[in-house]
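> Got a predicted structure plus its sequence, pasted below:
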Amino acid sequence: MREETGHRAPGTGHREETRQEPGCAESKSSTEPGARSSEPGLARIAVLRSGRGSNLVALAEACARGEVPAEIALAISNHPAAPGLERARERGIPVTAIAAKGLTREEHEAGVVAAIVAAGAEWVCLAGYMRLLSPAFVARFPQRIVNIHPALLPSFPGLEAQRQAWAYGVKLSGCTVHLVDAGCDSGPVVLQRTVPVLDDDTPETLAARILEQEHIAYPAALRMLLTRAWRLDGRRVVFD
Ligand code: GRF
């Protein structure tokens, strides 16, 4: 049976139809006592990342320009020395590192969830986050976790997607913004942008061409999710 779940833009208030995706646990609201409230009309987002942080910067700049009605409430890294943390700090984004070393996945994720809730974030954007989220984490923020992947899913999920696409010999690649489910790069697609793969490309030149499109796609997808009514029709993200 096809399940549909509807959403409305913030400002008009999210419309959460009561039906849940099969397998999704009931979620508590992340706006709990103690959580900071959003500026009116602005969604609060937590960005989870591990590395360079260029997508975090692209999102932050799009928010600052008013193109995405959101504020980045918190940037979380699982590496204390992640280079992009400094770039986030420079933009006034609260940053925190929650090291995973020595912790079980449950313990680490409990810390990440606590930080997201304390920041009052209702959306979670993954941007180069190198850890698979557990089904329990995904169910905690149903259809509120978004990821960007540097290939046209469902082709080339997982690591080194640009190199996979280059080695396969495809003539077109790109990036995909998708909702996160409990699988690896397997959630419903929100937006894709394409790039040509040129004969003289290397994995690195292809990755650079895709990254330019990522910096356009991620803010655009987020803007769509936040400003337009949408619903899941099976695994299709449908904008009304
Ligand atoms: C991007 O290519 C993104 O698609 C992938 O990880 C990379 C992160 O890059 N998931 P950055 O840290 O945002 O620069």
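Arrived safely, thanks for sending. Residues are numbered from 1 along each chain as shown.
> In the chain, what residue lies closest to the ligand?
residue 128 (2.6 Å; Cβ to the nearest ligand atom). In this view, the C-beta of every residue, glycine as well, is placed from N, C-alpha and C.
> Is that residue part of a helix or strand, or is it coil?
coil (DSSP: H, G, I helix; E, B strand; the rest coil).
> and what of residue 109?
Applying three-state DSSP: residue 109 is helix.
> For the residue nearest to it when sequence neighbours are not counted, list the residues it contacts.
Excluding its sequence neighbours, the residue lying closest to residue 109 (Cβ to Cβ, 6 or more residues apart in numbering) is residue 137, at 4.9 Å. Contact analysis of residue 137 by Cβ atoms under 8 Å, 6 or more residues apart in numbering lists 109, 112, 113.
> pLDDT score for the second one?
Pointing back at residue 112 there. At residue 112, the pLDDT value in this model is 97.
> pretty sure it is in a strand, no?
No. According to three-state DSSP, the state of residue 112 is helix, so it is not within a strand.
> Can the top helix by length along the chain be said to contact the ligand?
Under DSSP state H, the helix in the chain containing the largest number of residues is helix 203-227. Yes. Against the ligand, helix 203-227 shows contacts by Cβ under 6 Å from any ligand atom at 211, 214.
> Report the contact partners of residue 162.
By Cβ under 8 Å, 6+ apart, the residues touching residue 162 are 150, 151, 173, 203, 206, 207, 210.
> how about residue 165, secondary structure?
Residue 165 ends up helix, using three-state DSSP.
> if I look at it, how far off is residue 190?
Separation of residue 165 from residue 190 (Cβ to Cβ, to the nearest Å): 20 Å.
> The two: which has the busier surroundings?
Using other Cβ atoms under 10 Å as the criterion, residue 165 and residue 190 rank with residue 165 on top: 26 against 22.
> Nearest residue to that one in space, ignoring adjacent ones along the chain?
Spatial nearest neighbour of residue 165, chain neighbours left out: residue 173 (4.3 Å); criterion: Cβ to Cβ, 6+ apart.
> now swap in residue 156 and tell me
Residue 156 sits nearest to residue 164 (Cβ to Cβ, 6+ apart), 4.2 Å away.
> Count the neighbours of the one you found for me.
Close neighbours of residue 164, defined as other Cβ under 10 Å, add up to 18.
> Tell me the helices and strands packed up against the helix or strand residue 59 falls within.
Assigned by DSSP states H and E, residue 59 falls within helix 54-64. Taking 3 or more Cβ pairs under 8 Å, 6 or more residues apart in numbering; DSSP states H and E as contact, the helices and strands that helix 54-64 lies on are strand 43-49, strand 70-77, helix 84-90, helix 203-227.
> interface residues of the protein facing the ligand?
Contacts of the chain with the ligand, taken as Cβ under 6 Å from any ligand atom, map to 49, 51-55, 84, 127-128, 148-150, 211, 214.
> which one in these is the model shakiest on?
In terms of pLDDT, the least confident member of the residues of the chain next to the ligand is residue 84, at 69.
> Please tell me how far stretch 88-101 is from the chain's geometric centre.
Offset of stretch 88-101 from its chain centre (Cα atoms, centre = their mean, to the nearest Å): 16 Å.
> Need the contact partners of that stretch.
47, 53, 56-57, 60-61, 64, 72-82, 85, 108, 111-112, 115, 119, 131.
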